[in-house]
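Q: kindly return the folded structure for what I paste below:
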Amino acid sequence: MKGLEQSFGARVSALAEADSQTVAAIITSAADIALVLDDHGVIRDIALGNNDGTLEETTTWLGQGWAATVTLESRGRIAEMLSEVASTGLSRRRQVNHSSAIGPDIPVVYTAIRLGKSHHCVAIGRDLRAVGQLQQRLVEAQQSLERDYWRMRHVETRYRLLFQLSTEAVLAADAATLKVVEANPAAGKMFGLVPKRLIGRVFPFDLERDSEQAVDQHLTQVRTSGLAGEITVKLAASGQAFRFSAALVRQDPASLLLIRFLPLDAPSADGADEDHGFRLVHLLQAAPDGFVMADLEGKVLVANRAFLDLAQLATEAQARGQPISRWLGRPGADLPVLLTTIREHGVVRLFSTVIHGEFGSTAEVELSAVAAPDGDPPCLGLTIRDVGRRLDSGPQGARDLTRAVEQLTGLVGRVSLRDLVRDTTDLVERHFVEAALGLTGDNRTSAAEVLGISRQSLYVKLRRYNLGAPEPPSGPEKS
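A: Numbers count the residues shown, from 1 in each chain. Just a heads-up that it's a prediction; the model follows:
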């Protein structure tokens, strides 16, 4: 190693014959940035290497102290490098962070070298931002892997819990070899073995001969098409019959067969659906929002108690067979639009409309609807929510004119244009009357002059909008 150092040093000595431009080219090729410093640590010259141009702002450092270009915590390292150069001619590598006016701080690792016998030195630096970006990407990748790992752990935990608690006998077998790789406790109970004793056995086993042949054909079909119907199999020991089904699950690089046994006397899915449907009907009847099932023409088939209350009806029989437009929507407007939208898109969400009661009450409602054209019979399902208490009754004052006008704009479609224009005019007029009173210190005479109206007109508006206790026209004005 010593010989190599001497040989390299001998070759480097030839650089003494190189001119300054050659030396500068060597330095700039080897570094991202090079700083020429005087004996006080002031930057006298700057050279940039072949970078992407993001260090161009360093040209403003000329004439500044090297320590003045870095952040506060890096100034001590600058002082240490300058001290080492002054004493030994060469400093150790240290990382500093340069302040940047156009972005985050710039990390650079420097080595300072004295130039010959002069008091000047050159600081050769490497830009570490690319390294920092790679480190950040590595950290983000590690965090992503960590999140994926924990997500998979949670999924596996849920799968294990479901697999262990299932009352159905379930086996997982390798699709190629048919060896059992997992068995749940219900499967162990069915075969009369501890689940671990089932792992490694080739399926089918412990079934009657005819059942094993049927299972072989069934599994062949599953491996070919991915899925097959149910068959009936019997255990060899007890002769108990089960409904047998299997499904193919591809799990790279292998595939698994999920095998399920269900006793013949277990409740069927149809019975469960009937029970769920019965409970669903009761839930809809007791729901706080109105629910109506209507045919495709809008005639009521079923209505719950909440809708009957909104429509002021005593019994469901009063609504059945009647067009829902009798209570819902504005005449000739809402219901045709609603039915057209449902026919085109199959669903409507948060449709604002009005419901009219039999005895004259009116309520603002939001309606969502869905079509079931393939049902028996084809029908529409509508949920109706009373939002009258949610709506503001109108701005009470003119402290925030913009917000109040926005609230009135939200009433478009619910209130007629004539009423909207009248309410908006009243709102603006009240606002400016209040503004004039505030500007004149509640002096009625001055406020009337500011508004360009007579005092009598001002008093009329004060009474109309209930703005304080107006003085009689003949009374003295406040000074």
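
Q: which elements pack onto the one helix or strand Thr425 maps to?
A: Under the assignment given by DSSP states H and E, the secondary-structure element containing Thr425 is helix 417-439. Taking 3 or more Cβ pairs under 8 Å, 6 or more residues apart in numbering; DSSP states H and E as the contact definition, the neighbouring helices and strands of helix 417-439 are helix 401-409, helix 444-451, helix 455-465. All C-beta atoms are positioned from the backbone trio N, CA, C, and that covers glycine.

Q: most packed of those helices?
A: Ranked by mean neighbour count, the helices and strands packed on helix 417-439 are led by helix 444-451 with a mean of 18 (mean count of other Cβ atoms under 10 Å).

Q: which helices and strands sit right next to it?
A: Taking 3+ Cβ pairs under 8 Å, 6+ apart as the contact definition, the neighbouring helices and strands of helix 444-451 are helix 417-439, helix 455-465.

Q: let's see that with 6 Å instead.
A: For helix 444-451, the contact count by 3 or more Cβ pairs under 6 Å, 6 or more residues apart in numbering; DSSP states H and E identifies helix 417-439 as packing neighbours.

Q: where does the stretch 51-200 of the chain have low pLDDT?
A: By pLDDT under 70, the weakly predicted segments of the stretch 51-200 of the chain are 51-56.

Q: before we move on, the earlier item: quick check: buried residues in the helix holding Thr425?
A: Taking 16 or more other Cβ atoms under 10 Å as the basis for neighbour counts, the residues of helix 417-439 that come out buried are 423, 426-427, 430-431, 433-434, 436-437.

Q: distance to Ala86 added to the helices and strands packed on helix 417-439, as CSV?
A: Putting these into CSV (distance: least, Cβ to Cβ, whole Å) gives the following:
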stretch, distance to Ala86
helix 401-409, 68
helix 444-451, 78
helix 455-465, 84
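
Q: the ones you listed: which one's closest to Pro253?
A: When these are ranked by proximity to Pro253, the top entry is helix 401-409, at 60.7 Å, counting by Cβ to Cβ.

Q: Met218 in helix, strand or coil?
A: Actually, residue 218 is His. It isn't Met. helix (DSSP: H, G, I helix; E, B strand; the rest coil).

Q: kindly report the same for Ala287.
A: On the three-state scheme (three-state DSSP), Ala287 is labelled coil.

Q: for it, give me its contacts.
A: When the contact criterion is Cβ atoms under 6 Å, 6 or more residues apart in numbering, Ala287 has no partners at all.

Q: any idea how far it lies from Val108?
A: Here Ala287 is placed at a distance of 68 Å from Val108 (Cβ to Cβ, to the nearest Å).

Q: got it, and Val155?
A: In terms of Cβ to Cβ, Val155 sits 45 Å off from Val108.

Q: please apply the same query to Arg92.
A: For Arg92, the distance to Val108 - Cβ to Cβ - is 15 Å.

Q: which parts of the biggest helix by length in the chain are buried?
A: Of all the elements of type helix in the chain, the one with the most residues (DSSP state H) is helix 129-165. Along helix 129-165, these residues count as buried under the neighbour rule (16+ other Cβ under 10 Å): 129, 163.

Q: ok now it, how far from the chain's centre?
A: Average the C-alpha atoms of helix 129-165, do the same for its chain, and the two points are 19 Å apart (Cα atoms, centre = their mean, to the nearest Å).

Q: list the buried ones in the helix or strand just after that helix?
A: Downstream of helix 129-165, the first helix or strand assigned by DSSP H and E is strand 169-174. Residues of strand 169-174 classed as buried by neighbour count (16+ other Cβ under 10 Å): 169-173.

Q: now, which of the residues you listed sits nearest Tyr459?
A: Of the buried residues of strand 169-174, the one sitting nearest to Tyr459 (Cβ to Cβ) turns out to be Val170, at 86.4 Å.

Q: run through the helices of the stretch 1-150 of the chain in chain order.
A: Counting by DSSP state H, counting those that start in this stretch, the stretch 1-150 of the chain has helices at residues 2-12, 20-30, 75-88, 129-165.

Q: could you export those as JSON lines, including distance to Ala306?
A: Listed next are the helices of the stretch 1-150 of the chain as JSON lines, based on distance: least, Cβ to Cβ, whole Å:
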{"stretch": "helix 2-12", "distance to Ala306": "92"}
{"stretch": "helix 20-30", "distance to Ala306": "81"}
{"stretch": "helix 75-88", "distance to Ala306": "73"}
{"stretch": "helix 129-165", "distance to Ala306": "37"}
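
Q: ok so, going back, neighbour count: Arg92 and Val108, which is higher?
A: Neighbours around Arg92 and Val108, counted as other Cβ atoms under 10 Å, are more numerous at Val108. The numbers are 25 against 12.

Q: ok, and the closest non-adjacent residue to the more buried one?
A: In space, not counting the residues next to it along the chain, Val108 is nearest to Gly125; the distance is 4.2 Å by Cβ to Cβ, 6 or more residues apart in numbering.

Q: any idea how far Pro288 is from that neighbour?
A: The separation that Gly125 has from Pro288, given Cβ to Cβ, amounts to 71 Å.
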